[in-house]
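In: build me a model:
(2 chains)
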2 protein chains.
Amino acid sequence: MKFDRIIFNGIVITVNPDFDIIEDGVVGIKDGVIRFVNPRKKDISQYSADDFVDANGGIVMPGLINSHMHLPMSLFRGLADDLPLAQWLNDYIFPAEQQHISSDTVRIGTLLSCAEMIMNGTTTCCDGYFYEDDVAAAVIETGLRAVLAQGVIDFPAPGVPDPEKNVDTAVAFVKKWKNRSLLLTPSIFCHSIYTCSGERLKQAKKAADSLGVLFQIHVAETKGETDQIVEAHSMSPVQYLDSLGIINENTLISHAVWVDDDDIEVLADRNARIVHCPESNMKLASGVAPIQNMIERGICVGLGTDGCASNNNLDLFAEMDSAAKLHKVFKKDPTVMDAKTVIKMATIEGAKAIGLLDSIGSLEPGKQADIIIIDINKPHLTPMYHPESHLVYAVCGSDVSDVFVAGKALMRNYAPVSLDVNDIMRQAVSVSLEIKQNHK
Amino acid sequence: MKFDRIIFNGIVITVNPDFDIIEDGVVGIKDGVIRFVNPRKKDISQYSADDFVDANGGIVMPGLINSHMHLPMSLFRGLADDLPLAQWLNDYIFPAEQQHISSDTVRIGTLLSCAEMIMNGTTTCCDGYFYEDDVAAAVIETGLRAVLAQGVIDFPAPGVPDPEKNVDTAVAFVKKWKNRSLLLTPSIFCHSIYTCSGERLKQAKKAADSLGVLFQIHVAETKGETDQIVEAHSMSPVQYLDSLGIINENTLISHAVWVDDDDIEVLADRNARIVHCPESNMKLASGVAPIQNMIERGICVGLGTDGCASNNNLDLFAEMDSAAKLHKVFKKDPTVMDAKTVIKMATIEGAKAIGLLDSIGSLEPGKQADIIIIDINKPHLTPMYHPESHLVYAVCGSDVSDVFVAGKALMRNYAPVSLDVNDIMRQAVSVSLEIKQNHK
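Out: Modelled structure (predicted):
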């Protein structure tokens, strides 16, 4: 067979069911799909391919999956920090969104986030925001893979002034983008229990189910929100959602910080998918989600950065490091959340969480060729005893040298292939100058 | 005046007592010393200097200070992770030290750590280890600034087979290196209360005082160690040290995780210096040091990465991010450990902690020109509303483009100036292959 691309001379972290690590591996790609992942058995010159990629002894692994974030919010990166949650939201983020989020700025923020993700080895993201048609158009320009959802909230929102039309808008988004691009999977995102009525949640979930798409929602992120729901419904957020019939394997629950053992049983029984966002939860002092307990109970948990306004970057390598260390100190046990577990959260478990398990999350024949190469020829990655340890505890996003999505090169030797990154940054700075005028 | 070097076109974070941030600043350097730090008032061409450094709109700030680490341990980076502390130490780290730490390997590990630090913007480190003469010689080769201490431990140690000679060896090290280089300050490092007798601790502290050097010690890092000391002495580790007369402003206490309010009073009364190592404490599940309480009580707290075997890098930008986020979630308050507080820990408070407040830690006239430049022209640092926020929550070590120590360039435009980094990595890999033979 003639391949489109052969990647060789790398340590291949397959993230297959056995977590095989191939010391000197070769990956063959054709038509955007991985055809084989093998130890090198013969001279590379004996393969026939249009392009040979020398990984130069680096790590070859599945592109990372950011299972929860808000693409356009990179425009608010570091706008406000170190503030009480209510003040941060009400005095900075909500007003900034109201005044500055438009079809134009959403496009710019999305391109900026995509540039950052390409350069840090993230090949798929799962987003929920507004003006999602513009988000989708921008993502398609960049070549990244994404699950994208139009947000549903029972208040006037950017682009959706009449809340009565929020589910219709979300449904129209799904219909417009379904089956339109192999890289783009539409979804519906209800903001939360405290911003959507029970009827709205049921209506949106029913629409998602009938369209066959993922339903996303923030759940139990803060104690305040959780207390409020318990008071209103005499049930925990998870139990309340379950009473509405909303939790199943197509429901992606972000945060799940304030959940107890009973809630975990419900999540496990319903086969819900969870996204853990440790850095956002830490920075906003939301709390520590009992992720170790969920994983022990067999619940699928992906990893997310959340929006850039609360992190303040989209670096999943840093997020893996934080996830591992946070739970060790929180559980007082250095053996929990070991490197392999955390890598799986950012790859195969993320793929499962966002409904793309069949196509991404591991380097296995038949899967999409979403592949990154990490350059380990640096002092902070020397020496290397265990590549999986480096990925969690030493690598950072800037060590990624090459990125491929569906076999197409998005970055080669540290240089983004088609995006004009300087122009994107220039546009983002221009938006930020307007935002600065209003938030001194 | 003709300057050796003028740095211009940067946002200058002075870390002076008012934490002044100069939007378009100019820094003048002569004879290794900062002569002025001003807003740009005139054309740069009107200055006379041998070298003009265009910061290109980036951030110009004091070089970071790593107040607790073990230079040669970069050789064990990622050798073992995710293990119970005793197993990690007894099965991996101690045997690896016994078998592989020599005059030669200490030199290689030190050069490797220094290369990493130069490339991530750390200009000063405070180290304690063995074969410290070799550490010192290697550090001097690199041009970094350092406080270096020969370790004292009541067991046969690398290079000191007879524990009876451990204090003499440490004293000889101090005498050899005192006043020998402007960049090198010798010190004495007792490993801990549980590895040194009370008599040894007193003897070493007395020697440090009479030589006028910093006394370093690990204190109350783990609960197990703390319980053991309470059982043996009916006092907390801090109270025990205080009963020996060992805590004063020339005593640098690393970790201080298991300290209570009474201990904090003692530390404050005695004007002790503390080093916080959040990532090591998290990864080893040692616990969360009550740093916020110490800072509120006016105690000086620096920041350290600890050795590479428990972190697994020497990136103080990542360490600042972890410090800020850990204490927010631990104290359930997003306002604690704000960006400026954390930056001070990694700069001016670190300088004070290690006894170099008069010469480093801020960009002020008369201080040594230890200066770094951070390249902000990247998607993950765009836009920028508050430079201090970026330093803690978005920058990583690889964003540092230029590094100067005592006015001398150690890195220019991402390229280390004089170190042969590839050769250092090659030597470190060679040592690691021997270590791998013994630790499969």
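In: next, count neighbours for A:F94.
Out: Each residue near A:F94 was counted by other C-beta atoms under 10 Å in any protein chain shown, and the total is 12. In short, each C-beta sits where N, CA and C put it, glycine included.
In: scratch that, A:D262 is what I was asking about
Out: 11.
In: ok, for the residue positioned nearest the centre of chain A, nearest residue in space, not its chain neighbours?
Out: Among the residues of chain A, the one closest to the centroid is A:N66, at 1.6 Å (C-alpha atoms, centre = their mean). Distances taken as C-beta to C-beta, 6 or more residues apart in numbering or on different chains place A:C125 nearest to A:N66, at 4.3 Å, with adjacent residues excluded.
In: so the residue nearest to the centre of chain A versus chain B, what's the distance?
Out: Here A:N66 is placed at a distance of 13 Å from chain B (C-beta to the nearest C-beta, to the nearest Å).
In: surely that residue and A:T124 touch.
Out: Yes. Because the distance of 7.1 Å satisfies C-beta atoms under 8 Å, A:N66 is recorded as touching A:T124.
In: what touches both of these two?
Out: A:G350 (C-beta atoms under 8 Å, 6 or more residues apart in numbering or on different chains).
In: for A:S418, give me its contacts.
Out: Contacts of A:S418 by C-beta under 8 Å, 6+ apart are A:143, A:410.
In: kindly report the same for the one 3 residues further on.
Out: With contacts taken as C-beta under 8 Å, 6+ apart, A:V421 has the following neighbours: A:115, A:119, B:379.
In: got it, and A:R297?
Out: A:R297 touches A:264-265, A:267-268, counting by C-beta under 8 Å, 6+ apart.
In: what subset of those residues is buried?
Out: A:264, A:267-268 (16 or more other C-beta atoms under 10 Å in any protein chain shown).
In: quick check: which of those are also close to chain B?
Out: Among the buried ones among the contacts of A:R297, no residue lies close to chain B (C-beta under 8 Å from any C-beta of the partner chain).
In: what does the helix or strand where A:R35 lies rub up against?
Out: For A:R35, the host element (DSSP states H and E) is strand A:33-39. Strand A:33-39 is touched from outside by A:1, A:3, A:12, A:14, A:16, A:22-29, A:363-369, A:371, A:407, with contacts defined as C-beta under 8 Å, 6+ apart.
In: number of residues surrounding the closest residue to A:L85 other than its chain neighbours?
Out: Excluding the flanking residues, the one nearest A:L85 by C-beta to C-beta, 6+ apart is A:L284, at 5.6 Å. A:L284 has 25 neighbours, counted by other C-beta under 10 Å.
In: quick one: pLDDT of A:L284?
Out: At A:L284, the model reports a pLDDT of 96.
In: check A:N438 too.
Out: Looking at A:N438, its pLDDT is 81.
In: so which strand or helix has the residue lying closest to it once chain neighbours are set aside?
Out: Spatial nearest neighbour of A:N438, excluding adjacent residues (C-beta to C-beta, 6+ apart): A:Q99 at 6.0 Å. If you go by DSSP H and E, A:Q99 is part of helix A:94-100.
In: buried set for that helix?
Out: A:96-97, A:100.
In: so what does that helix touch, helix or strand wise?
Out: Identification of packing neighbours for helix A:94-100 by 3 or more C-beta pairs under 8 Å, 6 or more residues apart in numbering or on different chains; DSSP states H and E yields helix A:421-438.
In: the helix it packs on: which residues count as buried?
Out: A:421, A:424-425, A:427-428, A:431-432, A:435.
In: from A:A323, how far off is the closest residue to A:H68 other than its chain neighbours?
Out: Setting aside the residues directly before and after it, A:H68 is nearest to A:G304 in space (C-beta to C-beta, 6+ apart), at 3.0 Å. Separation of A:G304 from A:A323 (C-beta to C-beta, to the nearest Å) stands at 10 Å.
In: okay then, goodbye and thanks.
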